[in-house]
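Participant: missing the sequence, but the structure's below:
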């Protein structure tokens with residue numbers, strides 16, 4: 001992968017259905033076990049609610065408070081009202097004016113190298129990373145993670 005693979009773009013507002021959990025840290029070894037069980041449960045709840053996804057699944061993260069813990073959000077785009085009572089959270093992710101994005105191919109437990117490439121591009125091009133990267137799962141197969149295609153979306157601001 002080369003730094004030309006990084007694309008700077010705006011991310012639109014997204015309405016998502018989600019479930020959350022807390023991971024011990026932002027390390028892939030802690031994120032995977034926390035987030036992986038959430039997706040089958042989210043899809044089960046969506047089916048019970050007779051609600052179909054309108055886009056690919058994604059993950060995003062936020063600090064859980066003190067220490068290294070992070071809240072993991074297993075989400076998928078939906079077109080439903082957030083006012084209705086659901087068996088899952090419905091939230092609007094705000095638009096991101098600028099995000100450095102790159103495609104990661106392969107299992108997410110091997111994402112560290114792609115994240116390093118993205119961080120290098122951000123620094124070398126006069127940007128500063130803001131928070132954690134989103135992960136948009138373009139192609140995901142739990143049975144064969146090596147075939148995965150994930151767009152990493154790192155919100156950035158000019159230095």
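Facilitator: That came through fine. On a predicted model such as this, the values are computed, not experimentally measured, just so you know.
Participant: what about residue 61, neighbour count?
Facilitator: Number of residues near residue 61 (other CB atoms under 10 Å) recorded here: 19. For glycine as for every other residue, the C-beta is placed from the backbone atoms N, C-alpha and C.
Participant: So what pairs up with it in the strands?
Facilitator: Beta-bridge partners recorded for residue 61 (DSSP bridges): residue 72.
Participant: what's residue 6 in contact with, if anything?
Facilitator: 100, 101, 102, 117, 118, 121 (CB atoms under 8 Å, 6 or more residues apart in numbering).
Participant: Ignoring the adjacent residues along the chain, who's closest to it?
Facilitator: residue 121 (4.2 Å; CB to CB, 6 or more residues apart in numbering).
Participant: Am I right that the one you found is in contact with residue 100?
Facilitator: Yes. Taking CB atoms under 8 Å as the definition, residue 121 is a contact partner of residue 100 at 6.2 Å.
Participant: which regions of the protein sit below the pLDDT cut-off?
Facilitator: 1-4 (pLDDT under 70).
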